[in-house]
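Peer 1: after the sequence you'll find the predicted model.
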Amino acid sequence: MEKELTNNEKELLKKITDKEEFTEGAYNIRKNGEGFVRKTTENVDIVSKKDKPGIDIIVKENTKNEFIHIPVMITESGVNDLVYNDFYIGKNAEVTIIAGCGIHNDKHMLSRHDGIHSFYLEEGAKVKYVEKHYGQGEGTGEKILNPKTVVNLKKGATLEMDSVQIEGVDSTIRETFGELEEDSNFIVSEKIMTHGKQYAKTVFNVKLNGKNASTHVISRSVAKENSKQEFFSNVEGNTECYGHVECDAIIMDNGTVKAVPEILANDVDARLIHEAAIGKIAGEQLTKLMTLGLSEKEAEAKIVSGFLK
């Protein structure tokens, strides 16, 4: 990269992208509410919006096996960042997009990032979208992340979304909206960990409009100490289609989790399923691990790690 990051920024970047810097593919790093560094390729263009903060990511049709990194970092207290990123994925293109946001806040002022990502996949396009959220810092200022994802899938398109909230986020509202055409597929894997007084809310709304459109959502979460989580899902089947939503949660200490499912079948051939399971760690699981020499806290940590893996 032509611009250097500090060691602290590299550590933050690694938390959300598994890399300290980028040497290949297209990328755009946003830092403290402004563009920091950018690189395009022959098949992937990244253009700044003129009417609002954000970028357009344009992928040529038939592009194969390219990686696109668009992370956001906030390293200053008091930053309130709002960004609109639109992804235009050409016909039969296949790409992996690594996004996410990391906040480092050592002071008392609130730091916040709201990211609104809209996906427009043409026929046969395939995208794997990875989004990690992370907060750190010893200050009292809150770290707030509110991601919103809007998905539009044309015939035969597939979007696989892997969303992880690692730790350290005081408050988050995570919204996902989708409209699916014929033979398209939207797969979502969400993992959330909260502790202290943290709050996390997920809202998932998908309309299956085309024949054989399908969605599969797996949400796994752990609420520890006095944290609170809410999960709201709404899947609407408007033709012959398939939808399956799973919400599994572990509560510990005084944590609370609320799951509110809604499925609406507007066609006799719509097959929609919702499953929810919320509870504490089973005593027999702890006992089994403790007989191997682990302390109770070590056993709990191992179970939680496996659950969110």
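Peer 2: That came through, no problem.
Peer 1: what helix or strand does Ile192 sit in?
Peer 2: Counting by DSSP states H and E, the secondary-structure element that holds Ile192 is strand 185-194.
Peer 1: repeat that for Ser305.
Peer 2: Following DSSP H and E, the helix or strand that holds Ser305 is helix 296-308.
Peer 1: cool, Val203 as well?
Peer 2: Per DSSP H and E, the secondary structure element for Val203 is strand 199-208.
Peer 1: now that strand against strand 185-194, angle please.
Peer 2: Here strand 199-208 runs at an angle of 170 degrees relative to strand 185-194 (axes from the mean of the first three to the mean of the last three CA atoms, to 10 degrees).
Peer 1: give the buried residues for strand 199-208.
Peer 2: Tyr199, Ala200, Lys201, Thr202, Val203, Phe204, Val206, Lys207, Leu208 (16 or more other CB atoms under 10 Å). In this view, the C-beta of every residue, glycine as well, is placed from N, C-alpha and C.
Peer 1: report the rounded mean pLDDT for that strand.
Peer 2: Summarised as a single mean, pLDDT over strand 199-208 is 98.
Peer 1: so what does it touch, helix or strand wise?
Peer 2: Using 3 or more CB pairs under 8 Å, 6 or more residues apart in numbering; DSSP states H and E as the contact criterion, the neighbours of strand 199-208 among helices and strands are strand 171-180, strand 185-194, strand 213-223, strand 228-237, strand 241-251.
Peer 1: adjacent strands (with direction) for that strand?
Peer 2: Applying DSSP bridges to the sheet, strand 199-208 is found paired with strand 171-180 (parallel), strand 228-237 (parallel).
Peer 1: quick one: contacts of the last one?
Peer 2: To tie it back to what came earlier, the one meant is strand 228-237. With CB atoms under 8 Å, 6 or more residues apart in numbering as the test, strand 228-237 has contacts from 192, 194, 198-208, 215, 217, 219, 221, 223, 243, 245, 247, 249, 255-267, 270-272, 274, 276.
Peer 1: please state the offset of it from the chain centre?
Peer 2: On the basis of CA atoms, centre = their mean, to the nearest Å, strand 228-237 sits 15 Å off its chain's mean C-alpha point.
Peer 1: so for it, what gets flagged as buried?
Peer 2: The neighbour-count check on strand 228-237 (16+ other CB under 10 Å) flags Lys228, Gln229, Phe231, Phe232, Ser233, Asn234, Val235, Glu236, Gly237 as buried.
Peer 1: same question, stretch 266-278
Peer 2: Judged by neighbour count using 16+ other CB under 10 Å, the buried positions of stretch 266-278 are Ala270, Leu272, His274, Ala276, Ile278.
Peer 1: give me the average confidence score over stretch 248-263.
Peer 2: Over the span of stretch 248-263, the pLDDT mean works out to 95.
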